[in-house]
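Undergrad: sequence? don't have it. structure:
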Ligand SMILES: Cc1cn([C@H]2C[C@H](O)[C@@H](COP(=O)(O)OP(=O)(O)OP(=O)(O)O)O2)c(=O)[nH]c1=O
């Protein structure tokens, strides 16, 4: 079945990633509040937000009969603390100090939603950071790369210098688990 694919995202990384696997798509702009409920697990939280993004996107393209909308969310999790995008430089530095010299998890959820169907997946990766000195953290923040990124770092950028190990999916850490996304879309295309 042919589908008309939409990506409900403001993230340039997600566009780049979806293009990487040869998908053509249109972008819909969504603004979903990202607030974890008091008793919500990090896994439920990231999945709920991704679903809300896809759902909000679908509302905008409801007139397109074969529309399938992708929504995704990525969060960095350390000791059950969820690190979203830093509010400012001080927040970014605080996140990086906590990630320094430790392993954390990156949860990346993707939902694909059409008028009659919903499919979803959750990718969990473990990322190990080498120790970062105060000077390293200051220099990293000065690159500007920390802003707009969950956990205040970008695996696809300068932060790669500090990532000593990745168990999981590089694309998922960057914002969209490409293998899982591709599998989900095939389900829409093949019935
Ligand atoms: C950990 C990590 C995150 N990120 C980015 C991916 C996401 O854009 C961002 C996580 O924030 P999200 O809230 O998942 O996404 P977003 O607000 O940027 O975009 P959307 O409109 O789709 O809601 O962090 C990287 O680019 N590299 C990394 O290594």
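TA: Done, it's in. Keep in mind the model is a prediction, meaning the values are calculated, not measured.

Undergrad: Apart from its neighbours in sequence, what residue is nearest residue 69?
TA: residue 57 (4.0 Å; CB to CB, 6 or more residues apart in numbering). C-beta coordinates here come from the backbone N, C-alpha and C atoms, glycine included.

Undergrad: Next, give phi and psi for the one you found.
TA: Backbone torsions of residue 57, given as degrees, to the nearest 10, read phi -60, psi -40.

Undergrad: Then residue 110?
TA: Torsion angles, degrees, to the nearest 10, at residue 110: phi -130, psi 130.

Undergrad: Local confidence estimate at the residue nearest to residue 69?
TA: Looking at residue 57, its pLDDT stands at 98.

Undergrad: Equivalent analysis for the one 4 residues further on, please.
TA: In the prediction, the pLDDT value recorded for residue 61 is 97.

Undergrad: Name the nearest residue to it, ignoring sequence neighbours.
TA: Sequence neighbours aside, residue 67 is the residue nearest to residue 61 in space, at 4.6 Å (criterion: CB to CB, 6+ apart).

Undergrad: so what's that neighbour bridging to?
TA: As for beta bridges, residue 67 partners with residue 4 under DSSP bridges.

Undergrad: In contact with it: list those residues for me.
TA: 3-4, 6, 58, 61, 114-115 (CB atoms under 8 Å, 6 or more residues apart in numbering).

Undergrad: and which of those is nearest the ligand?
TA: residue 6 (12.1 Å; CB to the nearest ligand atom).

Undergrad: Up against the ligand, what does the protein have?
TA: Taking CB under 6 Å from any ligand atom, the part of the chain that reaches the ligand is made up of 9-11, 13-14, 34, 53, 72-74, 76, 85, 106, 148-151, 153-156, 173-175.

Undergrad: again, only this time at 8 Å
TA: The chain has residues 7-14, 29-32, 34, 49-50, 53, 71-76, 84-85, 106, 108, 127, 148-151, 153-157, 159, 173-175 near the ligand, with proximity defined as CB under 8 Å from any ligand atom.
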